[in-house]
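with the sequence up front, the predicted model follows.
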Number of protein chains: 2
Amino acid sequence: MTTVNVQCRLAARPQETLKATDFDIVEEPKRVANDGQFVVQVSYLSIDPAMRTWMNAGRSYVPPVEIGEVMRALGVGRVVESRHPAFPVGAHVSGIFGVQRYAVSDGTDVNLVDTTLAPAPVYLSALGISGLTAYFGLLDVGRPEPGQTVLVSGAAGSVGSIVGQIARIKGCRAIGIAGGEEKRRWLVEEAGFDAAIDYKSADLRKELKVHAPDGVDVYFDNVGGATLEAALNRLARGARIVLCGAVSQYNDTPRGPANYMQLLVARASMTGFVIFDYAHRYPEGVAQLAKWLKRGELRSHEQIEYGDVADFPETLLKLFRGENTGKLILALGE
Amino acid sequence: MTTVNVQCRLAARPQETLKATDFDIVEEPKRVANDGQFVVQVSYLSIDPAMRTWMNAGRSYVPPVEIGEVMRALGVGRVVESRHPAFPVGAHVSGIFGVQRYAVSDGTDVNLVDTTLAPAPVYLSALGISGLTAYFGLLDVGRPEPGQTVLVSGAAGSVGSIVGQIARIKGCRAIGIAGGEEKRRWLVEEAGFDAAIDYKSADLRKELKVHAPDGVDVYFDNVGGATLEAALNRLARGARIVLCGAVSQYNDTPRGPANYMQLLVARASMTGFVIFDYAHRYPEGVAQLAKWLKRGELRSHEQIEYGDVADFPETLLKLFRGENTGKLILALGE
């Protein structure tokens, strides 16, 4: 076994547009586990839009990654060395291990995963933060009722594709917005949405009128920008907007929705939501998501890229170019 | 008695900035009451920021005033002619009578007012829509709890000055934002706010840090723009923003709050609210407001301008120049 750890560290705070050179790839001696610790060999890295916000200085819902620190990332891996009774060698685990080959952990916020129930990458997707974000964001914040219309942006992404499926399970009409005809078709034909709109080719406002003639009751926003403005103009009375992300804004000077006073016209609300606040309810969420998966009512979609730690920057850029369908994951080869 | 009615009609939709020439002053023969109708001589006109939005075409919470129509306005007046048993000659009434000397009504949405309990102008202020807007907006949408910090913009205005007083009655800390040192002092010395900030002379963000060190739990927004952005940056965890108006935006190309994703950082909500939805609960609101007024816990502040219908455009401009303290009212001479 190698004695070298490869890490991807933050080299610079991005100047608006993210660049591969904002990261450094560094080798350091692999650390050993002290008493109460264990070493995880990371197999799969979760590639998330939120990573862009973690790279900025300033107040947010988690502290920023500091320059020179290992880039923050969720991952799934295997315990390869252990001095911790609850995490024996060979166990599969998920946690915030960072973008590196080997992570040392004391078990804080680390969960054992059962790879006989679902393949390891699913624990970064439908049974991981993406699934939980969709579950609690839609059901707790959006509170859709059967027969209502649920609109989701970034619909072909990891969270969005699950939001639409849960909306359908709950008896709602699910409309997705995504970029490109391929994703649009995928949403309707594979992910089971009632309708989908390719914002790149279509007139979004016109399409929303067609697909949501009575207005949108819940809008689950992953992107912000012009898409949020189009949704605001189409709100049903008493609508709920769930603010989950604003991926269109992360690489630019942020711009607020100019028509935010449509919230008044529609007597609607816009509520921010951070999945980490639901940590005490993850078991409930995972149990429900696993039940739906098992029954075939929910499908987990992953796009797995194979590479190593050095491929992380390019894989993250791929996410921001919108080149993924479903959950983007970087699998680290042996 | 005169046989002439003087009206102020909408002449043109304002091009961004409101001008006096957007209105026409017109004389027409005074109409008579048919069966089931009565004629009101309007004594006091309510001058409201929302008037600016009523002048715009397009979707809003009420239909726009059409070109050539009498400008919409709330008023208080006296019945001078009646063929309606519930509204006899001499009765004092409030309703949406429009900017005109005489209005004909069938009693729809008209209320009798008791001028022995409070002077007539108070029925356009603390006991009218302004008081009710403050009451339901703050308590139902903002849901402040004792000990929490309530921030209100447009604090020296009709709604804002009552929001702060109700916050105090409910055991909250009330902070007001207004333009000018005179208003700032008035808020603290007359209206009983705990603190007030003159946004024209002060560094708003710095002052908010001083006066709301633990953050703002409820922000009642009447103005939008840079003030809303400053409040967003100062939200306490779980804060509620009540969207009541956006007076800073009415005369300009609207601009959304660039930092709206602070709603996510703070797990906060922003909810639009229209007082007319609470019509079925007005009696409850008026009863409570009257009780507080009687006990001296709440004070109604009016700035009454004396003139006639032709003075309406200039009085409305005065409102948008921020020249009023408390409720701005135009009293129509005999």
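Yes, it's here.

can you list the residues of the stretch 101-250 of chain A near chain B?
A:224, A:229, A:243-244, A:246, A:249 (Cβ under 8 Å from any Cβ of the partner chain). Backbone N, C-alpha and C define where each C-beta goes, glycine included.

most neighbours of all those residues, which one?
Neighbour counts for these, by other Cβ atoms under 10 Å in any protein chain shown, peak at residue A:244, which reaches 29 neighbours.

and that one, what pLDDT?
If you check residue A:244, the pLDDT there is 95.

next one, pLDDT for residue A:1 please.
61.

what bridges to the residue of chain A found nearest chain B?
Residue of chain A nearest chain B, by Cβ to the nearest Cβ: residue A:256 (2.8 Å). On the basis of DSSP bridges, residue A:256 is bridged to residue B:256.

which residues does it contact?
B:229, B:255-260 (Cβ atoms under 8 Å, 6 or more residues apart in numbering or on different chains).

which residue packs closest to the most centrally placed residue in chain A, ignoring adjacent ones?
Centroid-nearest residue in chain A, with Cα atoms, centre = their mean: residue A:130, separated by 4.5 Å. For residue A:130, ignoring the flanking residues on the chain, the nearest one in space by Cβ to Cβ, 6 or more residues apart in numbering or on different chains is residue A:158 at 3.8 Å.

partner strands of the helix or strand where residue A:330 lies and their direction?
Secondary structure assigned from DSSP states H and E places residue A:330 in strand A:327-332. Under the criterion DSSP bridges, strand A:327-332 sits next to strand A:38-46 (antiparallel), strand A:302-307 (parallel) in its sheet.

okay, those, which one's buried deepest?
The highest mean neighbour count among those, using mean count of other Cβ atoms under 10 Å in any protein chain shown, belongs to strand A:38-46: a mean of 24.

what mean pLDDT does that one get?
On average, strand A:38-46 scores 98.

what is the subsequent helix or strand relative to it?
Scanning onward from strand A:38-46 (DSSP H and E), the first element met is helix A:50-54.

and stretch A:295-308, how far from the chain's centre?
13 Å (Cα atoms, centre = their mean, to the nearest Å).

can you give me the end-to-end span of that stretch?
34 Å (Cα to Cα, to the nearest Å).

give me the mean pLDDT for it.
Averaging pLDDT residue by residue across stretch A:295-308 gives 95.

check stretch A:86-103 too.
Mean predicted lDDT for stretch A:86-103 stands at 97.

quick one: end-to-end length of it, please.
16 Å.

starting at the chain centroid, how far to that stretch?
20 Å.

buried residues in that stretch, which are they?
A:87, A:91-103 (16 or more other Cβ atoms under 10 Å in any protein chain shown).

repeat for stretch A:59-72
So stretch A:59-72, judged by 16+ other Cβ under 10 Å, has buried residues A:60-61, A:64-65, A:70-72.

again with stretch A:3-17
In stretch A:3-17, counting by 16+ other Cβ under 10 Å, buried: A:5-11, A:14.

who's sitting farthest from the centroid in chain A?
Most peripheral residue of chain A (Cα atoms, centre = their mean): residue A:35, 33.5 Å.

the helices in the stretch 151-300 of chain A, which residues?
All helices of the stretch 151-300 of chain A, identified by DSSP state H, counting those that start in this stretch, fall at A:158-169, A:181-189, A:204-211, A:225-232, A:262-265, A:282-295.

hang on, the earlier thing: and of the contacts of residue A:256, the nearest to chain A?
Relative to chain A, the closest of these is residue B:256; by Cβ to the nearest Cβ it sits at 2.8 Å.

can you give me the pLDDT of that closest one?
For residue B:256, pLDDT reads 92.

try residue A:252
69.

what's the end-to-end length of stretch A:50-61?
Rule used - Cα to Cα; the end-to-end distance of stretch A:50-61 is 11 Å.

what are the ranges of the strands in the stretch 101-250 of chain A?
A:102-105, A:111-112, A:149-153, A:173-178, A:195-198, A:216-221, A:235-243 (DSSP state E, counting those that start in this stretch).

ok, and which of these has the densest surroundings?
Most buried among the strands of the stretch 101-250 of chain A, counting by mean count of other Cβ under 10 Å: strand A:149-153, with a mean of 31.

now that strand against strand A:216-221, angle please.
On the basis of axes from the mean of the first three to the mean of the last three Cα atoms, to 10 degrees, strand A:149-153 is oriented at 20 degrees to strand A:216-221.

helix A:225-232 and strand A:149-153, what's the angle between them?
170 degrees.

and the angle from strand A:149-153 to helix A:181-189?
Using the same axes, to 10 degrees: strand A:149-153 against helix A:181-189 is 150 degrees.

neighbouring strands of strand A:149-153 in the sheet, and parallel or not?
strand A:173-178 (parallel), strand A:216-221 (parallel).

hang on, the residue farthest from the centre of chain A is in a helix, isn't it?
No - residue state for residue A:35 (DSSP: H, G, I helix; E, B strand; the rest coil) corresponds to coil; a helix is not indicated.

picking up where we left off before, how about the contacts made by the residue nearest to the centre of chain A?
So residue A:130 contacts A:46, A:124, A:158-159, A:162, A:327 (Cβ under 8 Å, 6+ apart).

now for the residues you listed: which two are most distant?
For those, the maximum inter-member distance is 14.0 Å, found between A:46 and A:162 (Cβ to Cβ).

in the sheet, who's paired with the nearest residue to residue A:181 once chain neighbours are set aside?
Spatial nearest neighbour of residue A:181, excluding adjacent residues (Cβ to Cβ, 6+ apart): residue A:198 at 5.4 Å. Under DSSP bridges, the beta-bridge partners of residue A:198 are residue A:178.

and residue A:198, what pLDDT?
97.

give the contact list for it.
Residue A:198 touches A:178-181, A:183-184, counting by Cβ under 8 Å, 6+ apart.

just the buried residues out of these, in PyMOL syntax.
Per 16+ other Cβ under 10 Å, the buried members of those correspond to this PyMOL selection:
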select buried, chain A and resi 178+179+180+183+184
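
with distance to residue A:283 as new columns, can the strands paired with strand A:327-332 be given to me in TSV?
Below are the strands paired with strand A:327-332 laid out as TSV (distance: least, Cβ to Cβ, whole Å):
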stretch	distance to residue A:283
strand A:38-46	20
strand A:302-307	22
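
how about low-confidence regions in the stretch 1-150 of chain A?
Counting by pLDDT under 70, the stretch 1-150 of chain A shows low-confidence ranges at A:1.

and the helices in it?
So, for the stretch 1-150 of chain A - with DSSP H, counting those that start in this stretch - the helices run A:50-54, A:129-136.

thinking again about what came up before, residue A:67 versus the residue farthest from the centre of chain A, what's the distance?
31 Å (Cβ to Cβ, to the nearest Å).
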